[in-house]
Each structure stands twice: as C-alpha cells, then as structure tokens.
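*Asks:* got a structure for you, letters missing:
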C-alpha cells in the first residue's frame with residue numbers, strides 16, 4: 001500500500017511473552033535496523049488492527065494467537081519519511097523455537113536483560129506500561145535525524161522526555 005510522504009502509515013506491534021521471555025525481532029532493515037523490536041507490520045487494506053496483529057504474528061514468528069490484548073497506540077511523527085500510527089497488542093504464548101523471518105532474526109530475550117538489549121528508546125516505556133497493565137496513547141516527535149524531540153503519553157499525562165535523557 002502506497003502512503004504519501006508525511007502521511008501516517010498504519011501498523012501493529014505484537015508483544016509476545018512466554019514466561020519471563022519476550023519474543024523480539026532483531027531488525028534486518030529499516031525502520032530500527034539492528035535494534036530488537038516486537039514482531040508486527042503494516043495493516044493491509046480492509047484489515048482491522050487486531051486481524052493484522054494475528055496475521056503478522058504468524059508470518060514473522062510462526063505463532064498463532066487468537067485473542068491479543070489491545071494495550072494502546074504509539075504515534076510517531078517526523079519531518080522525514082518516518083510517520084507511523086501503531087496499534088500495540090500483547091499476548092502471552094507458549095514458548096516455541098523461533099522460525100526464520102525475512103525481516104530479521106527472531107529471538108527470545110529474557111526480561112531481566114531487556115534493559116541491556118538494543119531496543120528503541122520508546123519501547124522501554126511500552127514494556128513498563130504493559131507490565132503495569134496500563135493503557136497508553138504515546139506521541140513521539142522526531143527531528144530530521146530521528147532524535148526524539150518529545151515523548152508523551154497523552155492518555156495518562158506523562159512526559160517521558162526526562163526518562164530517556166532528553167532536555168526539556
């Protein structure tokens with residue numbers, strides 16, 4: 001699906017957890033090349049976010065989920081091509097060996113080392129919010145070099161800028 005430059009691309013993130021481990025994708029291409037992020041992807045035409053989550057989870061992880069829990073949204077805005085609205089879902093699943101994925105390498109990462117794993121700065125807060133069972137509406141603004149200018153939770157009124165080393 002073609003999305004004009006600057007227009008938001010609709011997508012989903014599917015956070016999967018088995019016991020104390022998260023299933024993450026070490027991205028082999030942009031966005032977030034080289035970082036670990038949840039599986040997910042673009043929402044197809046005539047597809048709901050929930051159905052996209054189920055489809056993307058199976059395509060990238062080989063795991064069938066039936067009832068992912070909606071957790072919130074993250075809207076990312078930049079003056080470049082990086083403009084997304086992501087619907088974030090969470091599912092507890094049984095552990096299974098990761099499958100080959102054309103998007104990168106899928107791995108189980110223990111939650112105790114998640115903080116030391118190269119993940120997008122925004123994802124750190126998403127994992128905390130999910131663990132606290134809090135819904136969220138995150139808004140992130142970037143400059144042309146993909147530096148975060150602002151990072152707020154519009155639903156809960158929290159400014160995360162101070163937590164990720166940004167100056168106010």
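*Replies:* Perfect, thanks for sending it. Just so it is clear, the structure is predicted and the values come from calculations on it, not from any experiment.
*Asks:* just list the residues touching the nearest residue to residue 94 once chain neighbours are set aside, thanks.
*Replies:* Leaving aside its sequence neighbours, residue 94 sits nearest to residue 18 (CB to CB, 6 or more residues apart in numbering; 6.1 Å). Every residue, glycine included, has its C-beta placed from N, CA and C. By CB atoms under 8 Å, 6 or more residues apart in numbering, the residues touching residue 18 are 92-96, 108.
*Asks:* flag every buried residue along the lengthiest helix in the chain.
*Replies:* As assigned by DSSP state H, the longest helix anywhere in the chain is helix 49-61. For helix 49-61, burial by neighbour count (16 or more other CB atoms under 10 Å) applies to 49-50, 52-57, 60-61.
*Asks:* equivalent analysis for stretch 76-93, please.
*Replies:* 76-78, 82-91, 93.
*Asks:* returning to what we had before: pLDDT on the longest helix of the chain, on average?
*Replies:* For helix 49-61, mean pLDDT rounds to 97.
*Asks:* quick one: the strands in this structure?
*Replies:* 9-18, 21-27, 36-37, 39-42, 69-77, 84-92, 104-110, 136-142, 148-153, 158-159 (DSSP state E).
*Asks:* redo the buried residues of stretch 76-93 as TSV? Include distance to residue 142 and pLDDT.
*Replies:* What follows is those, written out as TSV (distance: CB to CB, whole Å; pLDDT from 0 to 100):
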residue	distance to residue 142	pLDDT
76	7	95
77	7	94
78	4	92
82	6	85
83	9	93
84	11	94
85	14	97
86	14	97
87	20	98
88	18	98
89	23	98
90	25	98
91	28	98
93	32	97
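*Asks:* which among these gets closest to residue 38?
*Replies:* residue 88 (7.9 Å; CB to CB).
*Asks:* returning to what we had before: give me the distance from the longest helix of the chain to the chain's centre.
*Replies:* Centroid separation for helix 49-61 versus its chain: 13 Å, with CA atoms, centre = their mean, to the nearest Å.
*Asks:* show me what it is packed up against.
*Replies:* Secondary-structure packing of helix 49-61 (3 or more CB pairs under 8 Å, 6 or more residues apart in numbering; DSSP states H and E): strand 9-18, strand 39-42, strand 84-92.
*Asks:* so which of the ones you listed is nearest residue 116?
*Replies:* That would be strand 9-18 among the helices and strands packed on helix 49-61, by CB to CB, at 17.7 Å.
*Asks:* pull out the buried positions in that closest one.
*Replies:* So, applying 16+ other CB under 10 Å, buried residues of strand 9-18: 9-17.
*Asks:* try stretch 29-40
*Replies:* 32, 35-40.
*Asks:* same check, this time on stretch 98-114
*Replies:* Buried-residue list, stretch 98-114, by 16+ other CB under 10 Å: 98, 101, 103-104, 106, 108-109, 114.
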